[in-house]
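> Here's my sequence, what's the structure:
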Amino acid sequence: MRIGKVFVISAPSGAGKSTICKRVLSELDNIAFSVSMTTRKPRPGETDGVEYKFIDEQTFKKLISEGEFLEWAKVHNNFYGTPLSLVREKINQGQDIILDIDVQGGMQVKERLPESILVFIAPPSMAELEKRLRGRKTETEEVIATRLKNAEEEMKYKDKYEYCIINDDLEQAIAELKTIIKKYR
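Predicted coordinates:
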């Protein structure tokens, strides 16, 4: 039986990563989404267990100490992590899996699973990224400023990824990610 591939998708907040991943997951067969755990509060429209598994910080730290995460990081003052058992289960069933995670997590996954494929989604410019973040109307000025500062740091990692997709045209970006995934099948 075929062992599935792990695709790590990282991007600065607002670059379109979640939108691209959702479309690719709906348009390709035999691929699953790794539902990360987080200590952040759900955004409007998010469902526990769908976008994220929302847990408290104490539980998260206990899982870290038990070695239950493939990767984990503290981002924007919240913890995020990928449950190792879920990834193993999916790839052992022959399914590919998408990990929608930050660059810190991406580097951890590559270290622990060198065969994983890293794809970075970049905005066309920092100005466009700021416009997208403001367009969400879900974050305060302080949060937007933090996300933009973090985006500059995250962009420094794009050369450590096997692939970089510039999301200036959503349909093109989706097509590029699908092509990358198909290449490894």
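> For the lowest-mean-pLDDT helix or strand in the chain, report the contacting residues that lie outside it.
In the chain, no helix or strand scores lower on mean pLDDT, DSSP states H and E than helix 126-136, which sits at a mean of 87. With contacts defined as C-beta atoms under 8 Å, 6 or more residues apart in numbering, helix 126-136 is touched by 12-16, 123, 139, 144, 147-148, 151-152, 168. Heads up, the C-betas are built off the backbone N, CA and C, glycines and all.
> That helix: how far from the chain's middle?
19 Å (C-alpha atoms, centre = their mean, to the nearest Å).
> Next: stretch 73-93.
The mean C-alpha position of stretch 73-93 is separated from the chain mean by 10 Å, C-alpha atoms, centre = their mean.
> which of the residues in it are buried?
73, 75, 79, 80, 81, 82, 83, 84, 86, 87, 90, 91 (16 or more other C-beta atoms under 10 Å).
> is it possible to export those residues to TSV including secondary structure?
Below are these laid out as TSV (DSSP: H, G, I helix; E, B strand; the rest coil):
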residue	secondary structure
73	strand
75	strand
79	strand
80	strand
81	strand
82	strand
83	strand
84	helix
86	helix
87	helix
90	helix
91	helix
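> Take those residues and lay them out in CSV including pLDDT and distance to residue 178.
Output for the buried residues of stretch 73-93, formatted as CSV (pLDDT from 0 to 100; distance: C-beta to C-beta, whole Å):
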residue, pLDDT, distance to residue 178
73, 87, 27
75, 78, 27
79, 94, 31
80, 92, 25
81, 94, 27
82, 94, 22
83, 94, 26
84, 93, 27
86, 90, 23
87, 94, 21
90, 94, 18
91, 96, 19
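> just those residues now: which is nearest residue 118?
residue 82 (13.6 Å; C-beta to C-beta).
> and the gap between the closest one and residue 181?
Separation of residue 82 from residue 181 (C-beta to C-beta, to the nearest Å): 18 Å.
> give me the beta-bridge partners of the residue nearest the centre of the chain?
The centroid of the chain falls nearest to residue 100 when counting by C-alpha atoms, centre = their mean (1.7 Å). Beta bridges link residue 100 to residue 9 when assigned by DSSP bridges.
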